[in-house]
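Q: this is a predicted model, with the sequence first.
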Number of protein chains: 2
Amino acid sequence: MHPTSMGPRRITALAGGIGGARFLRGLIAAAPEADITVIGNTGDDIWIHGLRVCPDLDTVMYTLGGGISQERGWGREDETFTVKDELAAYGVEPTWFGLGDRDIATHLVRTQMLNAGYPLSAVTEALCTRWETGVRLLPMTDERAETHVVVDHPDGGRRAIHFQEWWVRYQASLTAHAIVLVGADDAKPAPGVVEAIEQADVVILPPSNPVVSIGTILQVPGIRESLSRTPAPVIGVSPIVGGRPVRGMADACLSAIGVDTAAGAVAAHYGARRTLIPAGGAADGILDGWLIDTADAEAASAVRALGIACEVRPLLMTDLEATTAMASAALSLASGLRQQA
Amino acid sequence: MHPTSMGPRRITALAGGIGGARFLRGLIAAAPEADITVIGNTGDDIWIHGLRVCPDLDTVMYTLGGGISQERGWGREDETFTVKDELAAYGVEPTWFGLGDRDIATHLVRTQMLNAGYPLSAVTEALCTRWETGVRLLPMTDERAETHVVVDHPDGGRRAIHFQEWWVRYQASLTAHAIVLVGADDAKPAPGVVEAIEQADVVILPPSNPVVSIGTILQVPGIRESLSRTPAPVIGVSPIVGGRPVRGMADACLSAIGVDTAAGAVAAHYGARRTLIPAGGAADGILDGWLIDTADAEAASAVRALGIACEVRPLLMTDLEATTAMASAALSLASGLRQQA
């Protein structure tokens, strides 16, 4: 029987930006009856020109709400950059961040609500009212916790710069010696995050960046623990296909934490949970199942040896149909593990 | 001899928005060698969508910097309203304020600097660096002091609404029972304002709104006193021509304070100073001279009877040439009074 006809009622997914958002479109199509909660990465967030920008939350919101730029994968369709050009004419820095006019309205609403005292989770809910995303989108935390990258700076010296500066301005070309979520210790999961993980029927890790998207979410104290604790199977989808990131510069992030850019290495980095598959695997791992691409089929046995169920499927999100098939495969794997448990 | 060749070295002008800004273009042309300080009205300022908007300061800055919309007289040339439309799509209020995309960059820079602790005067100076206005533009005060209008509200009851709501949203169609500068008591003149008035060779009141532009500036404690005290002649240009405001809705403002919409009535409202023309006039007046339009020539003798020197000139700012002639006439009148003193 097709998984959509008797699929899980409650699905919780962790998500970064473009890769995660595209996968979510397939997940919604694969499980149209399910209540889907998305826990979004906010480590990429940045205050810029006095505005609070949440790139990953917005990419999910715009993608699911039909407002995303199809070409860029981030920001709004039919976007203009008048405000950005005018800010540059005033000589104010930074000029390297792509702040579009349509996008700015989102940041204005968000910033005003934050300054009025609303937590980011409430602001996100308010913004999503317009976009009718079809999911419940939660920030990983309401606290400020921003990813910084330690680099040898072109101006000299080793220093930490904001993730966006490393990613957007330098296109990850500066070697990352460390990637740090500043503020992580004081961050708490946003309201509903832990419950969404622990009360889910299945938890999905989409093919988002394992370091600066999923990895960042896992650094919020309590989230990794709830993934260990949840009775739901936790299924990941490899963002690495044929030894390369499908998109983005995940390799530069993985090398910063000493992990090979390989589907099997990422699975080993996440590690196996003990809950559903008691034999083997790391004690504190978070994966029950892992989908890898057909190009990486030879890694399957090594992943299984870690104590992680592994399936081989085409993992290129070339269109909605292919993406839906990926999501269906992840749900099937979860379903099989639940029956096994 | 033409006034420009031996004109005043230091000119200080009070100014509101469109009328004041246009007059200033003529003043610069009439006195190209002078150091001109402009004291701008900030009673129209409004916080909107979390941004600090200073309509009158910006109208002066854009007009003198060549960025003003020629057609509207406010806001930027080649303006777009993408952000405004998007804010409306989010359903956030207010939607009646014309916040253009280019304009928003100005407000973003201003708001970020204000939130970082810079006073409005420093922010204004920074913004003007780009625009090369040819004048020194000072806000009347660094404190928040906003004009509110007491009206019979369409929703019922008599209440005070922000000046911009009355002016822009209701087009001054609601009868104004009172016009109040909220915060006036705690406002101080911005740094340099009092000095600019007291050390000027001539002080000019351009044809700005006598109530909500010039009148507002005069309400900042200390400014009216410095106008009384300055050794410089104070010359005003009537914004009322032929019994009607040249532009804007000054009549609605004048009736709120019980002053007729007439060139002579406005002069009487401002009143004569005692300094240069000791005979007659109100003790606390601020005018030494007053320019009225040829259409109002019959009011000249009544103005003179108040103790205010009065000249009759064409006062329609149809083009830069006509405006320059008006400014020259004001400077000539001042020059004559100085020699007389």
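A: Perfect, I can see it now.

Q: can you give me the strands for the stretch 101-250 of chain A?
A: Per DSSP state E, counting those that start in this stretch, the stretch 101-250 of chain A carries strands over the ranges A:136-139, A:146-152, A:158-162, A:176-182, A:202-205, A:234-237, A:240-241, A:244-245.

Q: may I see the buried residues of the third one?
A: Using 16 or more other C-beta atoms under 10 Å in any protein chain shown as the burial criterion, the residues of strand A:158-162 that qualify are A:160, A:161, A:162. Any C-beta I mention is one placed from the backbone N, CA and C, and that applies to glycine too.

Q: next one: the second one
A: Residues of strand A:146-152 classed as buried under the neighbour-count rule (16+ other C-beta under 10 Å) are A:146, A:147, A:148, A:149, A:150, A:151.

Q: what pLDDT does residue A:30 get?
A: pLDDT for residue A:30: 97.

Q: now it: closest residue in space that isn't a chain neighbour?
A: residue A:327 (3.9 Å; C-beta to C-beta, 6 or more residues apart in numbering or on different chains).

Q: closest one to residue B:207 among the strands of the stretch 101-250 of chain A?
A: strand A:158-162 (50.0 Å; C-beta to C-beta).

Q: what distance separates the closest one from the centre of its chain?
A: 23 Å (C-alpha atoms, centre = their mean, to the nearest Å).

Q: contacts for that strand next, please.
A: Here strand A:158-162 makes contact (C-beta atoms under 8 Å, 6 or more residues apart in numbering or on different chains) with A:46, A:146, A:147, A:148, A:149, A:150, A:151, A:152, A:153, A:177, A:180, A:182.

Q: does the fifth one have beta-bridge partners, and which?
A: Beta-bridge partners for residue A:149, by DSSP bridges, are residue A:161, residue A:179.

Q: contacting residues around it?
A: A:160, A:161, A:162, A:163, A:166, A:174, A:176, A:178, A:179, A:180, A:256.

Q: what about it, distance to chain B?
A: 24 Å (C-beta to the nearest C-beta, to the nearest Å).

Q: and that residue, how far from residue A:197?
A: 27 Å (C-beta to C-beta, to the nearest Å).

Q: ok, the third one next?
A: Using C-beta to C-beta, we find residue A:147 at a distance of 21 Å from residue A:197.

Q: re the thing from before, buried subset of the contacts of residue A:149 as a PyMOL selection?
A: Of these, the buried ones go into a single PyMOL selection, burial set by 16+ other C-beta under 10 Å:
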select buried, chain A and resi 160+161+162+163+166+174+176+179+256
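
Q: check contacts around the residue in the stretch 201-341 of chain A that chain B sits nearest to.
A: Of all residues in the stretch 201-341 of chain A, residue A:320 sits closest to chain B, at 25.1 Å by C-beta to the nearest C-beta. Residues near residue A:320 by C-beta under 8 Å, 6+ apart: A:25, A:26, A:29.

Q: tell me the secondary structure at the first one.
A: Three states are possible here, and by DSSP: H, G, I helix; E, B strand; the rest coil the one that applies to residue A:25 is helix.

Q: what's the burial count for it?
A: Residue A:25 has 19 neighbours, counted by other C-beta atoms under 10 Å in any protein chain shown.

Q: find me the pLDDT at it, would you?
A: In this model, residue A:25 is scored at 98, pLDDT.

Q: so who does it touch?
A: For residue A:25, counting by C-beta under 8 Å, 6+ apart, the contacting residues are A:63, A:64, A:320, A:323.

Q: now a PyMOL select for only the buried ones of those residues.
A: Buried subset of the contacts of residue A:25, written as a PyMOL selection, criterion 16+ other C-beta under 10 Å:
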select buried, chain A and resi 63+64+323
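
Q: let's have the contacts of residue A:25 in TSV, adding pLDDT and secondary structure.
A: Below are the contacts of residue A:25 laid out as TSV (pLDDT from 0 to 100; DSSP: H, G, I helix; E, B strand; the rest coil):
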residue	pLDDT	secondary structure
A:63	97	helix
A:64	98	helix
A:320	97	helix
A:323	98	helix
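
Q: and the contacts of residue A:25, which is closest to residue A:264?
A: residue A:323 (22.5 Å).

Q: list the residues that contact that closest one.
A: Shown in contact with residue A:323 (C-beta under 8 Å, 6+ apart): A:22, A:23, A:25, A:26, A:29, A:317.

Q: 7 Å instead?
A: A:22, A:23, A:25, A:26, A:317 (C-beta atoms under 7 Å, 6 or more residues apart in numbering or on different chains).

Q: relative to chain B, which of those residues is nearest.
A: Nearest to chain B among the contacts of residue A:323, with distances taken as C-beta to the nearest C-beta, is residue A:25, at 21.6 Å.

Q: residues near the residue lying closest to residue A:183 once chain neighbours are set aside, how many?
A: Using C-beta to C-beta, 6+ apart and skipping the chain neighbours, the partner closest in space to residue A:183 is residue A:145 (3.7 Å). For residue A:145, the number of neighbouring residues by other C-beta under 10 Å comes to 21.

Q: so how far is residue A:117 from residue A:145?
A: Taking C-beta to C-beta, one finds residue A:145 at 19 Å from residue A:117.

Q: and for residue A:212?
A: Taken as C-beta to C-beta, the span from residue A:212 to residue A:117 is 29 Å.

Q: of the two, who's got more company?
A: Taking neighbours as other C-beta under 10 Å, residue A:212 and residue A:117 compare with residue A:212 leading, 32 against 7.

Q: for that one, which residues are in contact?
A: A:43, A:147, A:163, A:179, A:253.

Q: switch to 10 Å and redo it
A: With contacts defined as C-beta atoms under 10 Å, 6 or more residues apart in numbering or on different chains, residue A:212 is in contact with A:16-17, A:41, A:43-44, A:56, A:147, A:149, A:163, A:166-167, A:172, A:176, A:179, A:181, A:248-250, A:252-254, A:256-257.

Q: so which of these are in helices?
A: Judged by DSSP state H, the contacts of residue A:212 include A:56, A:163, A:250, A:252, A:253, A:254, A:256 as members of helices.

Q: leaving out sequence neighbours, find the closest residue to the third one.
A: It stands for residue A:250. residue A:209 (4.8 Å).

Q: so what's residue A:68 closest to, chain neighbours aside?
A: residue A:62 (4.0 Å).

Q: ok, now how distant is the one you found from chain B?
A: 12 Å.

Q: in what helix or strand does that residue lie?
A: helix A:55-65 (DSSP states H and E).

Q: show me what the helix or strand just after that helix packs onto, helices and strands only.
A: Next helix or strand after helix A:55-65 toward the C-terminus (DSSP H and E): helix A:82-89. Applying 3 or more C-beta pairs under 10 Å, 6 or more residues apart in numbering or on different chains; DSSP states H and E, one finds that helix A:82-89 contacts helix A:101-115, helix B:82-89, helix B:101-115, helix B:120-131.

Q: Throw the ones you listed into a markdown table and include distance to residue A:51 and mean neighbour count, thanks.
A: Output for the helices and strands packed on helix A:82-89, formatted as a markdown table (distance: least, C-beta to C-beta, whole Å; neighbours: other C-beta atoms under 10 Å in any protein chain shown):
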| stretch | distance to residue A:51 | mean neighbour count |
| --- | --- | --- |
| helix A:101-115 | 4 | 23 |
| helix B:82-89 | 11 | 19 |
| helix B:101-115 | 7 | 23 |
| helix B:120-131 | 17 | 19 |
